[in-house]
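1. Please find the sequence and the predicted model below.
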Amino acid sequence: MKRRDLRRRVAGRPGPGAASGRRGAAGEPRFSTEPEDPVRFTREWDRFYTAFARLYDVAVRRLPLWRTWIERALPYIQGPRVLEVSFGTGHLLTRYAGRFETHGVDCNRAMVATARRNLERSGAPAELVRGSVEHLPYRSDCFDTLVNTMAFSGYPDGRRALAEMRRVLRPGGSLVLIDFTFPPDGAWLGTRLARFWQRSGDILRDMPELLRAQGFDFEEEAVGGGGSVRLYGATKPGSRR
């Protein structure tokens with residue numbers, strides 16, 4: 001489920017259950033801590049997207065910058081079997097689903113319904129289900145590529161989410177992940193944008209550390225936001241069968 005909680009931005013504080021970022025003595029940014037109440041955290045996001053699914057759909061279609069960021073995932077998607085986790089309104093699915101055996105899972109009922117309508121209009125086939133990233137409803141080692149854009153910083157348990165993504169990927173399979181984080185070079189604009197999203201309730205994590213802990217080989221690149229929007233192309237160890 002893609003997340004951008006407008007209510008929390010206006011309030012200028014993290015949403016319920018989210019922990020704000022910390023700073024060191026020198027004012028350096030620190031990554032977020034996981035929410036103390038993950039159930040409440042997830043429930044609040046779910047309520048928001050149920051209420052604003054249609055508005056969110058319009059925003060994604062009419063904001064070219066946002067589309068440009070998430071569409072940077074397209075060249076990295078390989079089949080034959082592809083899973084998109086937290087597909088939101090399904091914009092990215094409509095761009096590639098016709099070329100692969102495509103599956104998608106999202107935890108929000110309204111987003112699943114919106115994505116199905118968008119896929120029907122585009123004529124792109126995909127099997128969509130409602131489910132949790134922490135309990136993906138698929139067998140192990142079954143997808144060649146897993147796509148996750150602008151969603152990971154909305155999960156209450158990053159390690160568990162990434163472990164599930166790794167589980168369903170085939171050996172040698174690819175994880176294509178795009179989200180906000182602090183730019184590694186400390187770029188002024190990107191750092192301030194990252195702090196803004198963090199104060200808005202997003203959980204900004206050290207993604208290279210998480211990927212290494214799960215045994216992924218990966219590369220990363222900046223795709224926008226002054227270096228705060230980053231693409232991670234990761235490979236699960238093993239050979240493709």
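-> Everything's here; your move.
2. Mind jotting down where the strands sit in this protein?
-> Ranges of strands in the chain, per DSSP state E, are 81-85, 101-106, 127-130, 143-149, 169-180, 217-224, 229-235.
3. Can you give me the buried ones in the longest helix seen in the chain?
-> Longest helix in the chain, counting residues (DSSP state H): helix 38-62. Applying a neighbour-count criterion of 16 or more other Cβ atoms under 10 Å, one finds 41, 42, 44, 45, 46, 48, 49, 52, 53, 56, 57, 60 buried in helix 38-62. Bear in mind the C-beta positions are built from the backbone N, C-alpha and C, glycine included.
4. for the nearest residue to residue 136 once chain neighbours are set aside, what are its contacts?
-> Of all residues not flanking residue 136 in the chain, residue 164 sits nearest, at 4.9 Å (Cβ to Cβ, 6 or more residues apart in numbering). With contacts taken as Cβ atoms under 8 Å, 6 or more residues apart in numbering, residue 164 has the following neighbours: 133, 134, 135, 136.
5. Which of those ranks first by neighbour count?
-> residue 133 (25 neighbours; other Cβ atoms under 10 Å).
6. Report how many residues lie close to the spatially closest residue to that residue that is not a sequence neighbour.
-> Computed as Cβ to Cβ, 6+ apart, the closest residue to residue 133 that is not its neighbour in sequence is residue 161, at 4.6 Å. A total of 22 residues lie near residue 161 under the criterion other Cβ under 10 Å.
7. who touches residue 161 in this structure?
-> Going by Cβ under 8 Å, 6+ apart, the list of residues near residue 161 reads 133, 134, 152, 155.
8. for the protein, which residue is closest to the average position?
-> When Cα atoms, centre = their mean is applied to the chain, the residue found nearest the centroid is residue 151 (2.5 Å).
9. For the closest residue to that one other than its chain neighbours, give its distance to residue 107.
-> Counting by Cβ to Cβ, 6+ apart, residue 151 lies nearest to residue 86, which is 3.5 Å off, once chain neighbours are set aside. Counting by Cβ to Cβ, to the nearest Å, the separation of residue 86 from residue 107 is 7 Å.
10. just residue 183 next, same as before
-> For residue 183, the distance to residue 107 (Cβ to Cβ) stands at 29 Å.
11. Equivalent analysis for residue 36, please.
-> Here residue 36 is placed at a distance of 20 Å from residue 107 (Cβ to Cβ).
12. which one of the two has more residues nearby?
-> residue 107 (22 against 11).
13. low-confidence ranges in the protein?
-> Low-confidence segments of the chain, defined by pLDDT under 70: 1-29, 241.
14. can you do 50?
-> Of all residues in the chain, those with pLDDT under 50 make up the ranges 1-27.
15. returning to that earlier point: just give me the neighbour total for the residue nearest to residue 151.
-> Close neighbours of residue 86, defined as other Cβ under 10 Å, add up to 23.
16. just the one 5 residues further on next, same as before
-> The number of residues packed near residue 91 is 20, by other Cβ under 10 Å.
17. pretty sure it contacts residue 64?
-> No. When contacts are counted by Cβ atoms under 8 Å, residue 91 is not listed as touching residue 64 (11.7 Å).
18. Residue 126 is in contact with residue 97, isn't it?
-> Yes. Assessed by Cβ under 8 Å, residue 126 is found in contact with residue 97 at 4.2 Å.
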